[in-house]
Each structure stands twice: as C-alpha cells, then as structure tokens.
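A.B. asks: structure here, sequence nowhere to be found:
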C-alpha cells in the first residue's frame, strides 16, 4: 500500500476516535446505580455532578420510582447550587406530573425556598442587609408558594416552617411598600404616598409597618387638605399607638 494511502487511513481511524469522544461511563448503569451516584454526589456537595446524574436518571427512567425521586432531588440540588430558576422549574414539573405523590408537599416547600433566597448570594444572606430596599417580587412569589403549601397540606411537616417564613415575608412586603410611600412623600407626590400607605394598612394588617403607614396617610391627607381622612388616620394611630412620635409630627404640620 502506498505510504500516502496508509497515512490517510491512519489519520481517518484516529480522527474517528477523536470525534467519537470519550464513551459515557453511565451508559449501561441501571436506575438504581445512577441514583446511588447522584445521591453520593449530592451528599458530598458536588452539586454539578449530582445534577448531571439526576438529569440522566430522569431522562432514561422517567416513570420509575428512581425517576420520580430524581426530579424531586433535582429541585433540591439546584436550590443548594444557587440556581433558583432551575429549582423552581424542577419543583413545578414534579407538582404537575405527580400531584398525588406523598412527597409533593416537599416540592411546594422547596419551590418556596428557592424564591425566598432568589437574588441573594450565600454571603448576603448572613449580612445585615435591608431586604426591603430590594425588588419585592421574589418575596411575593415565595409568600404565595408557602401559602399554597399551608393551604393544601396544613399538616405537612414543612407547614409550620412555611407559616413562620410567611410572617417574615409579610413584614418584608409591607416595609417595601412603606419605603415606596416614603419615597413619594420626599418627592412631594402626596396622593401617591397616601394611596401606597393606605395599601399597606389594608393589605398587611398586624405588621410593624402599620403605625408608620398611618403617619404617612395623616401627613399626606393634611397637606392635601383632605381633613376628614387626615383626622381618621390620626385617630386610629392615637388609639392603637398612643406613644408614637408621628402623632406630634402630624400635628406640627401647618398648611398655608
């Protein structure tokens, strides 16, 4: 055989091997083996590897016991790996596919946790940062997720933790709206400020933001010379928070 033909043959064979790439070591694994590998990676904190194995397990054995559990574990692994969108997506798929599964309450819970921590890095969660200054959409989504969990599964082992988180989230949402109302007050947009503060009082009763919201309402209405509404807000404030310093602030306002 001519040398140049031999070289072409050798190159072709080596090229085929090159483009074929390394064979997938999991190709012949059973569902049980894949699940063991995925669980081991998850337990050791190798979340990227765990995701890889869980996704292969789910795609190859979607309707078996291990396939179902893989989807639920995927939601958790994505959550631990700070991938909230993927975590929520996996949880929602589990809820849609297996609404009667005995562990579906956990899917609602992990979905809520993913939204609860959305947009916060590991270090930010443990620093004294004001969450009320950030976009409130994630907090609202998390609140709705936890509310759905407690409504559908009031006796779930996750329900009590969800309820406690809901209390915290309601306070966060109320404070966020209060910050917006204060911003409008500083800008002299008194109608918008009064409306936002009124929304806090109506939507988030029994939260720490209520007295300050009443102060904003009373101030804004007084400046706008809507005296009956100003007096109503002031009366409610005085009745429920008689020592609040906002009482004196409102009374000092003189409309010229």
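C.D. replies: Cool, the structure landed. On a predicted model such as this, the values are computed, not experimentally measured, just so you know.
A.B. asks: after the helix or strand hosting residue 40, which helix or strand is next?
C.D. replies: Using DSSP states H and E, residue 40 maps to helix 31-43. In the C-terminal direction, the helix or strand that comes right after helix 31-43 (DSSP H and E) is helix 47-60.
A.B. asks: tilt between that following helix and helix 31-43?
C.D. replies: 160 degrees (axes from the mean of the first three to the mean of the last three CA atoms, to 10 degrees).
A.B. asks: can you tell me what sits against helix 47-60?
C.D. replies: 26, 31, 34-35, 37-39, 41-42, 66-67, 70-71, 73-74, 77-78, 80-81 (CB atoms under 8 Å, 6 or more residues apart in numbering). No exception for glycine: its C-beta is placed from N, CA and C like everyone else's.
A.B. asks: check the offset of it from the chain's centre.
C.D. replies: Put simply, helix 47-60 sits 23 Å off its chain's centre (CA atoms, centre = their mean, to the nearest Å).
A.B. asks: what residues of that helix count as buried?
C.D. replies: Buried positions in helix 47-60, judged by neighbour count with 16 or more other CB atoms under 10 Å: 47, 49-51, 53-58, 60.
A.B. asks: and for the helix or strand just after it, what are the contacting residues?
C.D. replies: Elements were assigned by DSSP H and E; along the chain past helix 47-60, the next helix or strand is helix 65-80. Outside helix 65-80, the residues that touch it by CB under 8 Å, 6+ apart are 31-32, 34-35, 38-39, 42, 47, 50-51, 54-55, 57-58, 60-61, 84, 86-88, 90-91, 93-94, 97-98, 101, 103, 106-107, 110-111, 113-114, 117.
A.B. asks: low-confidence bits of this structure, can you list those?
C.D. replies: Within the chain, the segments meeting pLDDT under 70 span 1-22, 119-135, 256.
A.B. asks: just checking, what packs against the lengthiest helix in it?
C.D. replies: Longest helix of the chain, by residue count under DSSP state H: helix 159-187. On a contact count with 3 or more CB pairs under 8 Å, 6 or more residues apart in numbering; DSSP states H and E, helix 159-187 meets helix 104-116, helix 137-152, helix 190-203, helix 210-223.
A.B. asks: distance to residue 238 and mean neighbour count added to the ones you listed, as JSON lines?
C.D. replies: Shown next, in JSON lines, are the helices and strands packed on helix 159-187 (distance: least, CB to CB, whole Å; neighbours: other CB atoms under 10 Å):
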{"stretch": "helix 104-116", "distance to residue 238": "37", "mean neighbour count": "24"}
{"stretch": "helix 137-152", "distance to residue 238": "31", "mean neighbour count": "19"}
{"stretch": "helix 190-203", "distance to residue 238": "15", "mean neighbour count": "19"}
{"stretch": "helix 210-223", "distance to residue 238": "9", "mean neighbour count": "24"}
